[in-house]
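[1] Quick one, structure for this:
(chains A, B, C and D)
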Number of protein chains: 2
Amino acid sequence: MTQPTRRQIIREETTQEILDTARAQMAERGAAALSLRAIAREMGMTAPAIYRYFTDRDALVTALIGQAYESLRQALEEAHQQNLQEGARKQLLAVGMAYREWGVSHPAEYALIFGTPIPNYHAPEETTVPLARSALGVLINVIQEGLQSGELRPLEEYAALSPGLREEQGDIDPQVHLALALWGHVHGLTSLELYNHLQSLVEDPAELFRLELLSKVEFLFSKDSKQ
Amino acid sequence: MTQPTRRQIIREETTQEILDTARAQMAERGAAALSLRAIAREMGMTAPAIYRYFTDRDALVTALIGQAYESLRQALEEAHQQNLQEGARKQLLAVGMAYREWGVSHPAEYALIFGTPIPNYHAPEETTVPLARSALGVLINVIQEGLQSGELRPLEEYAALSPGLREEQGDIDPQVHLALALWGHVHGLTSLELYNHLQSLVEDPAELFRLELLSKVEFLFSKDSKQ
DNA sequence: ATAGAATGTAAACGCTGTTAACTAAGTTTA
DNA sequence: TAAACTTAGTTAACAGCGTTTACATTCTAT
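    Down below sits the predicted model:
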């Protein structure tokens, strides 16, 4: 409501500095090397001081996960916005490529979100589920536009799924499940590449990714019978 | 060459007991909770004793990864063998389902292989790459049989990929890239499910997985032009 | 000016992986 | 059989970690 007091400003700055330092160290030494003491050391503080800003190591990690999801969402949204005039097919391709590129350029944050790099940390679902949903929302929006414009055909197989969701939210099933399928596809190849499982098997993972994404998107847009 | 001495036998037994205890604790408390001291404690030993059997915590982890890969490979191979008379299409479906089921029933080992649950551990590629390759080999074999029997069509789009590999190994490209594409697809949905990213978005992840796998396999088997 | 809240510190606890020095037992050789 | 050697375990210690407690300082508001 009222403007923040002097103290609240400094507190907010220190909080952000902690998060920034943590993110920098993650980028340097990997998400698993995250350490409250190391963060405090680099900031010229002692470790217990951090507890004035985050109740836990887990709380800090949760905040980092929040920022990472938001960064991913922005990257996807940017790809979407840059192809607004292009039609759903190109938009899906752009968003898919942006997903991989964000992972490649943010490997530690990717691991933080999609792996389990922090020992004994369990993400609180009440915060991570909405975050994941909002990043996925970009994909869902693109698909919804494609469905409305008639570019995309709704796959009738998906109708059988998730009746609980349909009861709650009406008929959002098709685009959610199309989005999940595409997400799974894109995430699989990205994480295989990031965790070095494609090494020495394929020369150019980016090209494999592009071909697979292309093939998947073309499949979604094919108007013929499924076979 | 000669039969193992008495000492070599009990050494081998202790080594296996360490691995078994580690695997049990991973299953209970998660891969990230792996601890040399806890393993030793449960075995009635002290922690430094383990160093007589593994030079490092990392060496133990690498051994565990080896066992996990082998367990995964066996599960896939079993699915393959049980559908030998069924044709490539059903075999691919069976192997894909077996992949997910192994992940669901071995979440900690799945994280160990495909995530980064151990802080500051980096898998030595010279050991993990052949292991991953041998698990992938099951998929490759099924696809190769499908190609040879004519059930599967080679995707010409993949021909341009990884030319360097072809020089070394002959013409193994098509089945390798088909396998990688399928692996990426299957792995993506499996890891999303395992790390709770599908929660409250889809009611029955197994059914979503089955539909997606079916769709992908049908696509691979379609004889028409790509569009 | 003074009371209170906010923000930092130092010290300590229990946990971790790891190393060094030592002991006890088993195995091999003279 | 006795001596020499190898192997497998111990205890003690070190550095690092997250975390808690008790205390000091400083900024803010009455």
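[2] list the contacts for the residue of chain A found nearest chain B?
    The minimum distance from chain A to chain B, using Cβ to the nearest Cβ, falls at A:G188 (2.5 Å). Where C-beta positions appear, they are placed from N, C-alpha and C, glycine not excepted. By Cβ atoms under 8 Å, 6 or more residues apart in numbering or on different chains, the contact list for A:G188 reads B:W183, B:G184, B:H185, B:V186, B:H187, B:G188, B:L189, B:S191.
[3] Relative to B:G87, how far out is it?
    25 Å (Cβ to Cβ, to the nearest Å).
[4] same check, this time on A:T62
    Going from A:T62 to B:G87 by Cβ to Cβ gives 48 Å.
[5] Comparing the two, which residue is more hemmed in?
    Applying other Cβ atoms under 10 Å in any protein chain shown to A:T62 and B:G87 shows that A:T62 carries more neighbours, namely 18 against 14.
[6] Give me the helices and strands touching the strand or helix carrying that one, please.
    A:T62 is located in helix A:57-81, with elements delineated by DSSP states H and E. Packing partners of helix A:57-81 (3 or more Cβ pairs under 8 Å, 6 or more residues apart in numbering or on different chains; DSSP states H and E): helix A:6-29, helix A:88-105, helix A:107-114, helix A:125-149.
[7] out of the ones you listed, which comes closest to DNA strand C?
    Nearest to DNA strand C among these is helix A:6-29; the distance by Cβ to the nearest atom of the strand comes to 3.7 Å.
[8] hang on, the earlier thing: how about the helix holding A:T62, does it get close to DNA strand C?
    No - shown here: helix A:57-81 not in contact with DNA strand C (Cβ under 7 Å from any atom of the strand), separated by at least 11.4 Å.
[9] For that helix, the averaged confidence score.
    For helix A:57-81, mean pLDDT rounds to 98.
[10] Taking their axis directions, that helix and helix A:125-149 sit at what angle?
    Helix A:57-81 and helix A:125-149 meet at an angle of 10 degrees, taking axes from the mean of the first three to the mean of the last three Cα atoms, to 10 degrees as the criterion.
[11] quick one on the thing from earlier: now the residue of chain A closest to chain B. Nearest residue, chain neighbours left out?
    Spatially, and ignoring its direct neighbours in sequence, A:G188 is nearest to B:G188 (2.5 Å; Cβ to Cβ, 6 or more residues apart in numbering or on different chains).
[12] What distance do you get for the residue nearest to A:G146 when sequence neighbours are not counted to A:W183?
    With sequence-adjacent residues excluded and distances taken as Cβ to Cβ, 6+ apart, A:G146 is closest to A:A88, at 3.0 Å. Distance, A:A88 to A:W183, by Cβ to Cβ: 16 Å.
[13] can you check A:Y51 too?
    Distance of A:Y51 to A:W183, given as Cβ to Cβ: 36 Å.
[14] now do A:L64
    21 Å.
[15] wait, isn't A:M43 in contact with A:L19?
    No - between A:M43 and A:L19 there is no contact under Cβ atoms under 8 Å: 11.2 Å.
[16] Between those two, which has more neighbouring residues?
    More crowded of A:M43 and A:L19, by other Cβ under 10 Å: A:L19, with 18 against 15.
[17] and the angle for the strand or helix carrying A:A206 with helix A:88-105?
    In the assignment (DSSP H and E), A:A206 maps to helix A:205-221. Counting by the same axes, to 10 degrees, helix A:205-221 lies at 150 degrees to helix A:88-105.
[18] Would you check how far apart A:A206 and A:K90 are?
    18 Å.
[19] Show me chain A divided up by domain.
    What automatic domain parsing lists as the domains of chain A is A:1-54, A:58-221.
[20] now check the shortest one, is it near chain B?
    In other words, domain A:1-54. Yes - residues of domain A:1-54 are located near chain B by Cβ under 8 Å from any Cβ of the partner chain, namely A:R29, A:G30, A:A31, A:A32, A:A33.
[21] ok, the second one - how many residues close by?
    Looking back up the chat, that one is A:G30. A:G30: 19 surrounding residues under other Cβ under 10 Å.
[22] Now do it, the pLDDT please.
    With respect to pLDDT, A:G30 scores 92.
[23] For the residue nearest to it when sequence neighbours are not counted, list the residues it contacts.
    In space, and not counting its chain neighbours, A:G30 is closest to A:A108: 5.7 Å by Cβ to Cβ, 6+ apart. Residues in contact with A:A108 (Cβ under 8 Å, 6+ apart) are A:M26, A:A27, A:G30, A:A31, A:P117.
[24] Just flag the most distant two among these.
    Using Cβ to Cβ, the two most remote members of the contacts of A:A108 are A:A27 and A:P117, lying 12.9 Å apart.
[25] neighbour-wise, which of those two wins?
    For A:A27 versus A:P117, the count of surrounding residues by other Cβ under 10 Å is larger for A:P117: 25 against 14.
[26] does that one count as helix, strand or coil?
    Per DSSP: H, G, I helix; E, B strand; the rest coil, the local secondary structure of A:P117 is coil.
[27] re earlier: now the helices and strands packed on helix A:57-81 in JSON lines, with distance to A:A38?
    Output for the helices and strands packed on helix A:57-81, formatted as JSON lines (distance: least, Cβ to Cβ, whole Å):
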{"stretch": "helix A:6-29", "distance to A:A38": "6"}
{"stretch": "helix A:88-105", "distance to A:A38": "23"}
{"stretch": "helix A:107-114", "distance to A:A38": "14"}
{"stretch": "helix A:125-149", "distance to A:A38": "25"}
